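Student: sequence first, predicted model second:
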Amino acid sequence: MDVINFISKASGLPNATVSDPSSKYQHGCEHYANGPQLHEYLQQIGSLMNEYNAFSVGEMPWVSEPEEIIKSVGFDRAELNMILNFDIVDMDHGSKGKFSPKQWSMSDLKAITNKWQSFMYQNDGWNALYLENHDQSRTVSRWGSDKPKFRNVAAKMFATFLGLQSGTPFLYQGQELGMSNIPEDWEMTEYRDLETLNRWREIIASHADDVRFLETTKQQYRFKSRDNARTPMQWDSSAHAGFTTGKPWMRVNNNYSTCNAAAQVGDPTSVFEHWAHILRLRKDHRDVLVYGSFCLVDAQNDDIFAYTRRFGEQTILVVANSKEREARWTMPKLVDVREEKLLVSNYPHLRVEAL
């Protein structure tokens with residue numbers, strides 16, 4: 001349910017509070033997000049969903065307070081089953097909006113993930129797990145590395161990081177292949193998304209002579225433009241990646257001849273088969289990986305994202321390195337993993353135990 005928390009508006013059509021009249025980033029969302037009748041409407045929707053034994057997923061931007069969101073997804077609220085929040089996908093937005101630069105840090109990602117994993121578990125809520133969709137760019141390029149040397153292992157790392165958390169994982173088309181952003185050498189004429197193009201026209205009009213600023217903005221488009229997720233799906237190595245025999249709305253990514261479904265399905269070293277393995281793990285270790293608790297490990301480490309999932313006597317430790325370089329990591333003594341059984345790895349030379 002797209003922007004479902006906008007369905008209740010403040011009465012009287014009041015003006016937004018604008019602290020900086022020259023800013024283009026004043027949304028006035030206090031008048032149309034989380035309005036006074038939101039939960040009344042969501043309870044009506046929830047009642048209807050219950051009649052059909054259906055589950056509901058709501059997209060809810062501009063709200064990140066757990067105490068507010070639990071009102072919509074709490075088990076006893078009978079409203080929505082889960083929501084897509086924006087905390088992770090907004091963590092690299094700068095002070096002047098989406099296309100202004102901001103260097104995200106591992107501590108940001110850890111704080112956001114720990115916040116939602118812990119809160120939902122403790123308050124009978126449920127998480128929708130996602131990193132990509134039609135409005136977000138490709139994870140491997142945005143927060144990892146899409147260099148040929150690292151693209152596959154980075155895509156598998158993000159699959160492990162996301163897929164073993166508590167909640168329902170959502171994969172966007174091409175994410176299961178490790179599809180990457182628009183190549184850096186593509187010109188602005190290749191873009192089609194109005195959000196990107198309208199902003200670019202404004203930038204050209206106001207900063208035509210500022211070469212450095214223009215290049216910085218173009219780099220932000222390469223990281224965050226919605227077009228990055230809207231290149232044609234890469235099915236095989238034929239013309240237009242097998243997506244169409246006609247002319248697609250924009251050309252396919254340059255790497256389609258090697259990064260495509262036909263090349264990956266059945267290849268045990270591929271991103272696709274890694275995702276399949278992650279999903280099998282969730283089914284085979286349902287108690288701990290679906291319903292177990294979440295505990296962040298080594299919160300201060302700037303390179304490694306590590307966490308445990310626990311249920312009864314079962315403990316699974318997940319360790320992910322986000323950098324292009326090798327990282328040395330010593331497991332903290334407080335982590336009690338009594339059996340060393342490797343369930344999944346994105347490096348083929350490491351032996352994984354049979355399930």
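Tutor: All right, it came through fine.
Student: burial of residue 280, as a residue count?
Tutor: 12 (other C-beta atoms under 10 Å). Every C-beta, even on glycine, is put in place using the N, C-alpha and C of the backbone.
Student: what helix or strand does it sit in?
Tutor: In the assignment (DSSP states H and E), residue 280 maps to helix 271-284.
Student: and the next element down the chain from that helix?
Tutor: Assigned by DSSP H and E, the successor of helix 271-284 is helix 286-289.
Student: which strands or helices does that following helix pack on?
Tutor: Packing partners of helix 286-289 (3 or more C-beta pairs under 8 Å, 6 or more residues apart in numbering; DSSP states H and E): strand 304-311, strand 314-321.
Student: most packed of those?
Tutor: Neighbour counts (mean count of other C-beta atoms under 10 Å) averaged over each of the helices and strands packed on helix 286-289 peak at strand 304-311, with a mean of 20.
Student: name all residues that make contact with residue 13.
Tutor: Residues near residue 13 by C-beta atoms under 8 Å, 6 or more residues apart in numbering: none.
Student: can I assume it sits in a helix?
Tutor: No - per DSSP: H, G, I helix; E, B strand; the rest coil, residue 13 lies outside any helix segment and is coil.
Student: how near is it to residue 62?
Tutor: Applying C-beta to C-beta, to the nearest Å, the value for residue 13 to residue 62 is 19 Å.
Student: same deal with residue 117?
Tutor: Computed with C-beta to C-beta, the distance linking residue 117 and residue 62 is 22 Å.
Student: same question for residue 147.
Tutor: 34 Å.
Student: who has more neighbours, the two?
Tutor: Using other C-beta under 10 Å, the more surrounded residue of residue 147 and residue 62 is residue 62, with 16 against 12.
Student: and the pLDDT at that one?
Tutor: Predicted confidence (pLDDT) for residue 62: 85.
Student: surely it and residue 29 touch.
Tutor: Yes - here residue 62 lies in contact with residue 29, judged by C-beta atoms under 8 Å, at a distance of 4.6 Å.
Student: as JSON lines, the helices and strands packed on helix 286-289 with mean pLDDT and distance to residue 71 would be great.
Tutor: Shown next, in JSON lines, are the helices and strands packed on helix 286-289 (pLDDT from 0 to 100; distance: least, C-beta to C-beta, whole Å):
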{"stretch": "strand 304-311", "mean pLDDT": "95", "distance to residue 71": "27"}
{"stretch": "strand 314-321", "mean pLDDT": "93", "distance to residue 71": "30"}
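Student: mind listing what the residue lying closest to residue 176 once chain neighbours are set aside touches?
Tutor: Leaving out its chain neighbours, the residue that sits closest to residue 176 by C-beta to C-beta, 6 or more residues apart in numbering is residue 275, at 4.7 Å. Residues near residue 275 by C-beta under 8 Å, 6+ apart: 159, 163, 171, 176.
Student: which residues touch the last one?
Tutor: Spelled out, that is residue 176. By C-beta under 8 Å, 6+ apart, residue 176 lies in contact with 271-272, 275.
Student: just name the closest of these to residue 331, please.
Tutor: residue 275 (25.8 Å; C-beta to C-beta).
Student: now the strands for the stretch 51-200 of the chain?
Tutor: Along the stretch 51-200 of the chain, counting by DSSP state E, counting those that start in this stretch, strands occupy 57-59, 82-84, 128-129, 168-169.
Student: for the residue nearest to residue 104 when sequence neighbours are not counted, grab phi and psi.
Tutor: In this structure, residue 104 finds its nearest non-sequential neighbour in residue 92, 4.4 Å apart by C-beta to C-beta, 6+ apart. Backbone torsions of residue 92, given as degrees, to the nearest 10, read phi -110, psi 20.
Student: mind listing what the residue nearest to residue 137 when sequence neighbours are not counted touches?
Tutor: Once flanking residues are discounted, residue 137 sits nearest to residue 228: 3.6 Å by C-beta to C-beta, 6+ apart. Contacts for residue 228 (C-beta under 8 Å, 6+ apart) come out as 137-138, 141-142, 181-182, 222.
Student: in the protein, which helix is the longest?
Tutor: Criterion DSSP state H: the longest helix present in the chain is helix 106-122.
Student: residues of it that come out buried?
Tutor: Neighbour-count burial for helix 106-122 flags 106, 109-110, 112-113, 116-118, 120-121 (criterion: 16 or more other C-beta atoms under 10 Å).
Student: using CSV, lay out those together with distance to residue 81.
Tutor: Compiled in CSV, the buried residues of helix 106-122 are given as follows (distance: C-beta to C-beta, whole Å):
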residue, distance to residue 81
106, 30
109, 25
110, 26
112, 21
113, 20
116, 15
117, 17
118, 19
120, 12
121, 15
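Student: of those residues, which is the nearest to residue 5?
Tutor: For these, the nearest to residue 5 is residue 116 (16.4 Å; C-beta to C-beta).
Student: ok, that closest one touching residue 83?
Tutor: No - here residue 116 lies out of contact with residue 83, judged by C-beta under 8 Å, at a distance of 10.2 Å.
Student: and residue 108, how far is that from residue 114?
Tutor: 11 Å.
Student: spit out the contact partners of the most centrally placed residue in the chain.
Tutor: Nearest to the geometric centre of the chain sits residue 131, at 1.0 Å (C-alpha atoms, centre = their mean). Applying C-beta under 8 Å, 6+ apart, we find residue 131 in contact with 88-89, 139, 158, 162, 175.
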